[in-house]
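Participant: what follows is a predicted structure for the sequence shown.
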Amino acid sequence: MKALLLSIAISFFTTYYATPHLIKFLTAAGILGMDLNKKGRPKLPASGGICVATGILAGLLFYVGVETFLYGGQATSLQLLAAVSSILIVTFGGLLDDLNVKSRAIITKDGKNVKVGFPQWFKPLLTLPAAIPLMVINAGTTSMLIPLIGKVNFGILYPLLLIPIGVVGVSNAINLLGGFNGVEAGMGIASMASLGVYSLLYSTEPIGSVIFLISASSLLAFLKYNWFPAKILPGDSLTYLLGAIIVTGIVLGNIERAGIIVMAPFVIEFLLKARSGFKASCLGNVDAEGKIHSKYSGKIYSLTHVVMRFGNFTERQITIIMILIQLCFCSIIFLKPF
(Lines give C-alpha, C1' and ligand atoms only; values in the text may rest on other atoms or scores of the structure.)
Protein backbone atom coordinates (compact mmCIF):
# COMPACT_ATOMS: atom_id res chain seq x y z
CA MET A 1 0.00 0.00 0.00
CA LYS A 2 2.90 2.38 0.77
CA ALA A 3 4.32 1.77 -2.71
CA LEU A 4 0.93 2.57 -4.26
CA LEU A 5 0.53 5.78 -2.26
CA LEU A 6 4.03 6.92 -3.21
CA SER A 7 3.33 6.09 -6.87
CA ILE A 8 0.11 8.11 -6.77
CA ALA A 9 1.99 11.08 -5.30
CA ILE A 10 4.78 10.79 -7.89
CA SER A 11 2.22 10.68 -10.71
CA PHE A 12 0.44 13.79 -9.42
CA PHE A 13 3.51 15.95 -8.87
CA THR A 14 5.17 14.87 -12.11
CA THR A 15 2.16 16.03 -14.13
CA TYR A 16 1.65 19.10 -11.95
CA TYR A 17 5.19 20.40 -12.49
CA ALA A 18 5.73 19.08 -16.02
CA THR A 19 2.57 20.55 -17.56
CA PRO A 20 3.63 24.25 -17.45
CA HIS A 21 6.87 23.35 -19.22
CA LEU A 22 5.02 21.25 -21.79
CA ILE A 23 2.57 24.13 -22.35
CA LYS A 24 5.54 26.33 -23.30
CA PHE A 25 6.99 23.59 -25.51
CA LEU A 26 3.73 22.89 -27.35
CA THR A 27 3.15 26.61 -27.86
CA ALA A 28 6.65 27.11 -29.26
CA ALA A 29 6.22 24.08 -31.51
CA GLY A 30 2.95 25.49 -32.85
CA ILE A 31 0.89 22.51 -31.67
CA LEU A 32 -2.22 24.57 -31.03
CA GLY A 33 -5.97 24.10 -31.11
CA MET A 34 -8.94 26.43 -30.95
CA ASP A 35 -10.91 26.77 -27.73
CA LEU A 36 -14.23 26.60 -29.57
CA ASN A 37 -16.54 27.64 -26.73
CA LYS A 38 -14.87 31.02 -26.19
CA LYS A 39 -15.46 34.31 -27.93
CA GLY A 40 -12.85 34.81 -30.62
CA ARG A 41 -11.89 31.14 -30.37
CA PRO A 42 -8.44 31.67 -28.84
CA LYS A 43 -5.66 29.27 -29.77
CA LEU A 44 -4.24 27.18 -26.94
CA PRO A 45 -1.54 24.48 -26.80
CA ALA A 46 -3.12 21.11 -27.50
CA SER A 47 -2.14 17.45 -27.04
CA GLY A 48 -2.47 17.49 -23.25
CA GLY A 49 -2.31 13.70 -23.25
CA ILE A 50 1.47 14.04 -23.23
CA CYS A 51 1.27 15.80 -19.85
CA VAL A 52 -0.96 13.12 -18.35
CA ALA A 53 1.03 10.23 -19.82
CA THR A 54 4.24 11.66 -18.34
CA GLY A 55 2.83 11.49 -14.82
CA ILE A 56 1.25 8.06 -15.29
CA LEU A 57 4.47 6.59 -16.65
CA ALA A 58 6.49 8.03 -13.75
CA GLY A 59 4.09 6.55 -11.20
CA LEU A 60 3.79 3.15 -12.88
CA LEU A 61 7.54 2.74 -13.42
CA PHE A 62 8.22 3.62 -9.78
CA TYR A 63 5.69 0.99 -8.71
CA VAL A 64 7.23 -1.59 -11.06
CA GLY A 65 10.66 -0.88 -9.59
CA VAL A 66 9.43 -1.35 -6.03
CA GLU A 67 7.57 -4.56 -6.93
CA THR A 68 10.60 -6.00 -8.74
CA PHE A 69 13.41 -5.17 -6.33
CA LEU A 70 11.64 -5.29 -2.97
CA TYR A 71 8.94 -7.91 -3.45
CA GLY A 72 10.09 -9.95 -6.44
CA GLY A 73 6.77 -9.46 -8.22
CA GLN A 74 7.93 -10.32 -11.74
CA ALA A 75 4.45 -11.35 -12.90
CA THR A 76 2.93 -8.08 -11.72
CA SER A 77 5.80 -6.14 -13.25
CA LEU A 78 5.27 -7.84 -16.61
CA GLN A 79 1.61 -6.83 -16.65
CA LEU A 80 2.39 -3.25 -15.64
CA LEU A 81 5.12 -2.97 -18.28
CA ALA A 82 2.54 -4.12 -20.84
CA ALA A 83 0.30 -1.31 -19.56
CA VAL A 84 3.19 1.14 -19.92
CA SER A 85 3.73 -0.02 -23.50
CA SER A 86 0.05 0.46 -24.33
CA ILE A 87 0.10 3.97 -22.83
CA LEU A 88 3.16 4.96 -24.86
CA ILE A 89 1.73 3.56 -28.09
CA VAL A 90 -1.70 5.17 -27.80
CA THR A 91 -0.26 8.53 -26.71
CA PHE A 92 2.01 8.52 -29.75
CA GLY A 93 -0.96 7.70 -31.99
CA GLY A 94 -3.00 10.52 -30.48
CA LEU A 95 -0.10 12.93 -30.89
CA LEU A 96 0.14 12.02 -34.57
CA ASP A 97 -3.56 12.80 -34.93
CA ASP A 98 -3.14 16.14 -33.13
CA LEU A 99 -0.16 17.05 -35.32
CA ASN A 100 -2.00 16.08 -38.49
CA VAL A 101 -5.08 18.12 -37.60
CA LYS A 102 -2.91 21.12 -36.73
CA SER A 103 -0.93 20.94 -39.96
CA ARG A 104 -4.00 20.59 -42.19
CA ALA A 105 -6.58 22.82 -40.45
CA ILE A 106 -8.22 25.31 -42.78
CA ILE A 107 -10.39 28.38 -42.30
CA THR A 108 -13.50 28.72 -44.48
CA LYS A 109 -14.70 32.01 -45.97
CA ASP A 110 -17.21 32.49 -43.16
CA GLY A 111 -14.43 32.19 -40.58
CA LYS A 112 -15.18 28.67 -39.38
CA ASN A 113 -12.33 26.36 -38.46
CA VAL A 114 -12.46 23.02 -40.27
CA LYS A 115 -10.30 20.15 -39.10
CA VAL A 116 -8.93 18.12 -41.99
CA GLY A 117 -7.08 15.39 -40.14
CA PHE A 118 -6.93 11.68 -40.74
CA PRO A 119 -10.02 10.18 -42.40
CA GLN A 120 -12.62 8.95 -39.88
CA TRP A 121 -12.13 5.32 -40.90
CA PHE A 122 -8.39 5.58 -40.21
CA LYS A 123 -8.62 6.89 -36.64
CA PRO A 124 -9.49 3.52 -35.05
CA LEU A 125 -6.31 2.13 -36.61
CA LEU A 126 -4.28 4.65 -34.57
CA THR A 127 -5.47 3.04 -31.34
CA LEU A 128 -5.32 -0.59 -32.49
CA PRO A 129 -1.55 -1.05 -31.83
CA ALA A 130 -2.15 -0.17 -28.17
CA ALA A 131 -3.88 -3.55 -27.79
CA ILE A 132 -0.80 -5.51 -28.85
CA PRO A 133 1.04 -5.48 -25.46
CA LEU A 134 -2.06 -6.88 -23.74
CA MET A 135 -2.50 -9.47 -26.46
CA VAL A 136 1.06 -10.80 -26.36
CA ILE A 137 1.02 -11.38 -22.58
CA ASN A 138 -2.44 -13.01 -22.83
CA ALA A 139 -3.81 -10.52 -20.29
CA GLY A 140 -7.02 -11.04 -18.37
CA THR A 141 -9.29 -14.00 -17.76
CA THR A 142 -10.90 -15.60 -20.80
CA SER A 143 -14.12 -16.51 -18.96
CA MET A 144 -16.84 -13.87 -18.61
CA LEU A 145 -20.30 -13.95 -17.02
CA ILE A 146 -22.75 -12.63 -19.60
CA PRO A 147 -26.30 -11.64 -18.50
CA LEU A 148 -29.06 -14.06 -19.65
CA ILE A 149 -26.42 -16.43 -21.02
CA GLY A 150 -24.14 -17.33 -18.14
CA LYS A 151 -20.42 -17.97 -17.98
CA VAL A 152 -18.71 -18.09 -21.35
CA ASN A 153 -15.09 -19.05 -21.98
CA PHE A 154 -13.86 -17.16 -25.04
CA GLY A 155 -10.49 -18.91 -25.05
CA ILE A 156 -8.03 -17.55 -27.60
CA LEU A 157 -10.67 -15.14 -28.92
CA TYR A 158 -10.38 -13.06 -25.75
CA PRO A 159 -6.81 -11.77 -26.32
CA LEU A 160 -6.92 -11.89 -30.12
CA LEU A 161 -10.37 -10.39 -30.72
CA LEU A 162 -12.09 -8.96 -27.65
CA ILE A 163 -9.11 -6.98 -26.31
CA PRO A 164 -8.43 -5.18 -29.65
CA ILE A 165 -12.14 -4.45 -30.05
CA GLY A 166 -12.23 -3.08 -26.49
CA VAL A 167 -9.21 -0.81 -26.93
CA VAL A 168 -10.36 0.57 -30.28
CA GLY A 169 -14.01 0.91 -29.26
CA VAL A 170 -13.48 2.57 -25.88
CA SER A 171 -10.71 4.91 -27.07
CA ASN A 172 -12.80 6.20 -29.95
CA ALA A 173 -16.01 6.38 -27.88
CA ILE A 174 -14.30 8.66 -25.36
CA ASN A 175 -12.99 10.73 -28.25
CA LEU A 176 -16.59 11.50 -29.26
CA LEU A 177 -17.44 13.32 -26.03
CA GLY A 178 -15.44 16.46 -25.34
CA GLY A 179 -14.75 20.03 -26.36
CA PHE A 180 -15.60 21.71 -23.03
CA ASN A 181 -12.84 22.84 -20.68
CA GLY A 182 -12.23 20.12 -18.11
CA VAL A 183 -14.86 17.66 -19.29
CA GLU A 184 -12.50 14.94 -20.57
CA ALA A 185 -10.20 15.15 -17.55
CA GLY A 186 -13.09 15.53 -15.09
CA MET A 187 -15.07 12.57 -16.38
CA GLY A 188 -11.81 10.62 -16.61
CA ILE A 189 -11.04 11.29 -12.94
CA ALA A 190 -14.52 10.11 -11.93
CA SER A 191 -14.15 6.93 -13.99
CA MET A 192 -10.58 6.10 -12.95
CA ALA A 193 -11.06 6.85 -9.25
CA SER A 194 -14.27 4.81 -8.99
CA LEU A 195 -12.84 1.82 -10.88
CA GLY A 196 -9.63 2.08 -8.85
CA VAL A 197 -11.46 1.98 -5.53
CA TYR A 198 -13.79 -0.77 -6.79
CA SER A 199 -10.83 -2.88 -7.92
CA LEU A 200 -9.09 -2.33 -4.59
CA LEU A 201 -12.17 -3.46 -2.65
CA TYR A 202 -13.62 -6.26 -4.74
CA SER A 203 -11.21 -7.50 -7.40
CA THR A 204 -8.99 -10.53 -6.88
CA GLU A 205 -6.47 -8.79 -9.16
CA PRO A 206 -5.55 -5.49 -7.43
CA ILE A 207 -3.28 -4.52 -10.33
CA GLY A 208 -6.25 -2.71 -11.88
CA SER A 209 -6.43 -0.41 -8.86
CA VAL A 210 -2.76 0.51 -9.34
CA ILE A 211 -3.34 1.58 -12.94
CA PHE A 212 -6.58 3.44 -12.25
CA LEU A 213 -5.53 5.33 -9.11
CA ILE A 214 -2.19 6.42 -10.55
CA SER A 215 -3.99 7.61 -13.70
CA ALA A 216 -6.64 9.47 -11.68
CA SER A 217 -3.88 11.25 -9.77
CA SER A 218 -2.20 12.43 -12.97
CA LEU A 219 -5.52 13.60 -14.41
CA LEU A 220 -6.26 15.56 -11.23
CA ALA A 221 -3.00 17.48 -11.61
CA PHE A 222 -3.73 18.11 -15.30
CA LEU A 223 -7.21 19.40 -14.48
CA LYS A 224 -5.68 22.45 -12.78
CA TYR A 225 -4.49 23.62 -16.19
CA ASN A 226 -7.41 22.30 -18.22
CA TRP A 227 -10.23 23.70 -16.03
CA PHE A 228 -12.15 26.74 -17.22
CA PRO A 229 -10.58 28.90 -18.54
CA ALA A 230 -8.17 26.30 -19.86
CA LYS A 231 -4.47 26.92 -20.40
CA ILE A 232 -4.10 23.71 -22.42
CA LEU A 233 -6.46 21.50 -24.44
CA PRO A 234 -6.54 17.70 -24.13
CA GLY A 235 -6.38 16.78 -27.81
CA ASP A 236 -6.82 13.28 -29.18
CA SER A 237 -3.68 12.21 -27.33
CA LEU A 238 -5.64 12.43 -24.06
CA THR A 239 -8.95 10.94 -25.21
CA TYR A 240 -7.19 7.98 -26.82
CA LEU A 241 -5.04 7.62 -23.71
CA LEU A 242 -8.07 7.50 -21.41
CA GLY A 243 -9.66 4.75 -23.47
CA ALA A 244 -6.52 2.62 -23.49
CA ILE A 245 -6.06 3.02 -19.72
CA ILE A 246 -9.65 2.06 -18.96
CA VAL A 247 -9.48 -1.10 -21.08
CA THR A 248 -6.05 -2.02 -19.70
CA GLY A 249 -7.19 -1.60 -16.09
CA ILE A 250 -10.43 -3.47 -16.70
CA VAL A 251 -8.71 -6.40 -18.41
CA LEU A 252 -5.84 -6.74 -15.93
CA GLY A 253 -8.19 -6.23 -12.97
CA ASN A 254 -10.85 -8.62 -14.34
CA ILE A 255 -13.69 -6.15 -13.69
CA GLU A 256 -15.32 -6.14 -17.12
CA ARG A 257 -18.92 -5.82 -15.91
CA ALA A 258 -18.15 -2.87 -13.63
CA GLY A 259 -16.23 -1.29 -16.49
CA ILE A 260 -19.19 -1.57 -18.86
CA ILE A 261 -21.43 0.30 -16.38
CA VAL A 262 -18.88 3.09 -15.87
CA MET A 263 -18.51 3.42 -19.65
CA ALA A 264 -22.29 3.68 -20.18
CA PRO A 265 -22.31 7.48 -20.83
CA PHE A 266 -19.81 7.02 -23.64
CA VAL A 267 -21.82 4.15 -25.10
CA ILE A 268 -24.89 6.42 -25.07
CA GLU A 269 -22.82 9.16 -26.70
CA PHE A 270 -21.73 6.72 -29.42
CA LEU A 271 -25.35 5.78 -30.17
CA LEU A 272 -26.45 9.43 -30.27
CA LYS A 273 -23.59 10.40 -32.58
CA ALA A 274 -24.43 7.42 -34.81
CA ARG A 275 -27.86 9.02 -35.42
CA SER A 276 -26.07 11.87 -37.18
CA GLY A 277 -23.71 9.62 -39.08
CA PHE A 278 -20.98 10.79 -36.67
CA LYS A 279 -21.13 14.25 -38.23
CA ALA A 280 -22.65 16.11 -35.25
CA SER A 281 -20.60 17.99 -32.68
CA CYS A 282 -20.96 18.13 -28.89
CA LEU A 283 -20.47 21.88 -29.06
CA GLY A 284 -23.04 24.66 -29.31
CA ASN A 285 -23.36 28.34 -30.09
CA VAL A 286 -22.15 30.80 -27.45
CA ASP A 287 -24.31 33.89 -26.84
CA ALA A 288 -23.23 37.31 -25.55
CA GLU A 289 -23.68 36.17 -21.92
CA GLY A 290 -21.50 33.10 -22.36
CA LYS A 291 -24.46 30.69 -22.40
CA ILE A 292 -24.20 27.77 -24.80
CA HIS A 293 -27.13 26.67 -26.96
CA SER A 294 -27.48 23.65 -29.21
CA LYS A 295 -26.99 24.30 -32.91
CA TYR A 296 -29.22 21.41 -34.03
CA SER A 297 -32.74 22.89 -33.65
CA GLY A 298 -34.00 20.61 -30.93
CA LYS A 299 -32.39 17.45 -32.28
CA ILE A 300 -30.25 15.47 -29.86
CA TYR A 301 -26.97 14.02 -31.13
CA SER A 302 -25.00 14.19 -27.88
CA LEU A 303 -25.43 14.04 -24.12
CA THR A 304 -24.36 17.69 -24.06
CA HIS A 305 -27.37 18.50 -26.26
CA VAL A 306 -29.60 16.94 -23.59
CA VAL A 307 -28.02 19.21 -20.98
CA MET A 308 -28.52 22.25 -23.23
CA ARG A 309 -32.20 21.41 -23.65
CA PHE A 310 -32.81 21.68 -19.88
CA GLY A 311 -31.44 25.18 -19.37
CA ASN A 312 -29.17 28.00 -20.42
CA PHE A 313 -25.80 26.91 -19.09
CA THR A 314 -22.27 28.23 -19.37
CA GLU A 315 -19.36 26.05 -20.44
CA ARG A 316 -18.26 25.58 -16.84
CA GLN A 317 -21.78 24.51 -15.80
CA ILE A 318 -22.08 22.02 -18.66
CA THR A 319 -18.75 20.49 -17.66
CA ILE A 320 -19.86 20.13 -14.04
CA ILE A 321 -23.16 18.54 -15.08
CA MET A 322 -21.37 16.05 -17.34
CA ILE A 323 -19.02 15.08 -14.51
CA LEU A 324 -22.03 14.59 -12.19
CA ILE A 325 -23.68 12.36 -14.79
CA GLN A 326 -20.51 10.29 -14.95
CA LEU A 327 -20.41 10.06 -11.14
CA CYS A 328 -24.01 8.77 -11.11
CA PHE A 329 -23.06 5.83 -13.32
CA CYS A 330 -19.87 5.27 -11.33
CA SER A 331 -21.83 5.02 -8.09
CA ILE A 332 -23.93 2.14 -9.46
CA ILE A 333 -21.02 -0.32 -9.30
CA PHE A 334 -20.84 0.12 -5.52
CA LEU A 335 -24.53 -0.62 -4.91
CA LYS A 336 -23.92 -4.27 -5.69
CA PRO A 337 -20.43 -5.59 -6.50
CA PHE A 338 -20.38 -7.26 -9.92
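Facilitator: Structure's in. What do you need? Note that this is a predicted model, so its numbers are computed, not measured.
Participant: can you give me the strands in the stretch 201-338 of the chain?
Facilitator: Using DSSP state E, counting those that start in this stretch, the strands found in the stretch 201-338 of the chain span residues 285-286, 291-293, 313-314.
Participant: pairing partners for the first one, with directions?
Facilitator: In the sheet containing strand 285-286, the strands it pairs with under DSSP bridges are strand 291-293 (antiparallel).
Participant: give the buried residues for the strand it pairs with.
Facilitator: For strand 291-293, the neighbour count (16 or more other CB atoms under 10 Å) marks 291-292 as buried. For the C-beta atoms, the positions are set from N, CA and C on the backbone; glycine is no exception.
Participant: please apply the same query to stretch 65-78.
Facilitator: Buried positions in stretch 65-78, judged by neighbour count with 16+ other CB under 10 Å: 66-68, 73, 76-77.
Participant: would you mind pulling the contact partners of it?
Facilitator: 3, 6-7, 64, 80, 137, 207 (CB atoms under 8 Å, 6 or more residues apart in numbering).
Participant: same list (those residues) but as JSON lines, adding secondary structure, pLDDT and distance to residue 156.
Facilitator: JSON lines is the format used below for the contacts of stretch 65-78 (DSSP: H, G, I helix; E, B strand; the rest coil; pLDDT from 0 to 100; distance: CB to CB, whole Å):
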{"residue": "3", "secondary structure": "helix", "pLDDT": "88", "distance to residue 156": "34"}
{"residue": "6", "secondary structure": "helix", "pLDDT": "95", "distance to residue 156": "38"}
{"residue": "7", "secondary structure": "helix", "pLDDT": "96", "distance to residue 156": "33"}
{"residue": "64", "secondary structure": "helix", "pLDDT": "90", "distance to residue 156": "28"}
{"residue": "80", "secondary structure": "helix", "pLDDT": "88", "distance to residue 156": "24"}
{"residue": "137", "secondary structure": "coil", "pLDDT": "85", "distance to residue 156": "14"}
{"residue": "207", "secondary structure": "helix", "pLDDT": "89", "distance to residue 156": "22"}
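Participant: in terms of distance to residue 321, which of these ranks first?
Facilitator: Using CB to CB, residue 7 comes nearest to residue 321 of those, at 32.0 Å.
Participant: wait, isn't the closest one in contact with residue 216?
Facilitator: No - using CB atoms under 8 Å, residue 7 is not in contact with residue 216; the gap is 11.8 Å.
Participant: ok now do residue 193, which residues does it touch?
Facilitator: Going by CB under 8 Å, 6+ apart, residue 193 touches 212-213, 216, 330.
Participant: over to residue 256?
Facilitator: Listed by CB under 8 Å, 6+ apart, the contact partners of residue 256 are 144, 250.
Participant: what's the closest of the buried residues of stretch 65-78 to residue 11?
Facilitator: Residue 11 lies nearest to residue 66 out of the buried residues of stretch 65-78, by CB to CB, at 13.7 Å.
Participant: check which helix or strand covers that closest one.
Facilitator: helix 49-70 (DSSP states H and E).
Participant: in that helix, which residues are buried?
Facilitator: Within helix 49-70, the residues scored as buried using 16+ other CB under 10 Å are 49-60, 62-64, 66-68.
Participant: circling back: got the strands of the stretch 201-338 of the chain as JSON lines, with mean pLDDT columns?
Facilitator: Conversion of those to JSON lines gives the following (pLDDT from 0 to 100):
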{"stretch": "strand 285-286", "mean pLDDT": "87"}
{"stretch": "strand 291-293", "mean pLDDT": "89"}
{"stretch": "strand 313-314", "mean pLDDT": "94"}
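Participant: identify the residue nearest residue 303 in space, chain neighbours excluded?
Facilitator: Excluding the flanking residues, the one nearest residue 303 by CB to CB, 6 or more residues apart in numbering is residue 269, at 5.5 Å.
Participant: just checking, that neighbour touches residue 302?
Facilitator: Yes - counting by CB under 8 Å, residue 269 does reach residue 302; the two are 6.3 Å apart.
Participant: hey, what's in contact with both of these two?
Facilitator: Contacts common to residue 269 and residue 302, judged by CB under 8 Å, 6+ apart, are 176-177.
Participant: okay, these two: which has more neighbours?
Facilitator: Neighbours of residue 269 and residue 302, each counted by other CB atoms under 10 Å, are more numerous for residue 302; the result is 24 against 21.
Participant: now that one: how far from residue 97?
Facilitator: Distance of residue 302 to residue 97, computed by CB to CB, to the nearest Å: 20 Å.
Participant: go on, residue 205?
Facilitator: Distance from residue 205 to residue 97, by CB to CB: 32 Å.
Participant: contact partners for residue 232?
Facilitator: Neighbour list for residue 232: 19, 22-23, 26, 44-46, 48, 51, 225-226 [criterion: CB under 8 Å, 6+ apart].
Participant: where do the helices sit along the stretch 201-338 of the chain?
Facilitator: With DSSP state H, counting those that start in this stretch applied, the stretch 201-338 of the chain shows helices at 207-226, 235-253, 256-262, 264-275, 303-309, 315-335, listed in chain order.
Participant: report all helices and strands that the first one contacts.
Facilitator: Helix 207-226 sits against helix 2-28, helix 49-70, helix 74-104, helix 183-202, helix 235-253, with contacts defined as 3 or more CB pairs under 8 Å, 6 or more residues apart in numbering; DSSP states H and E.
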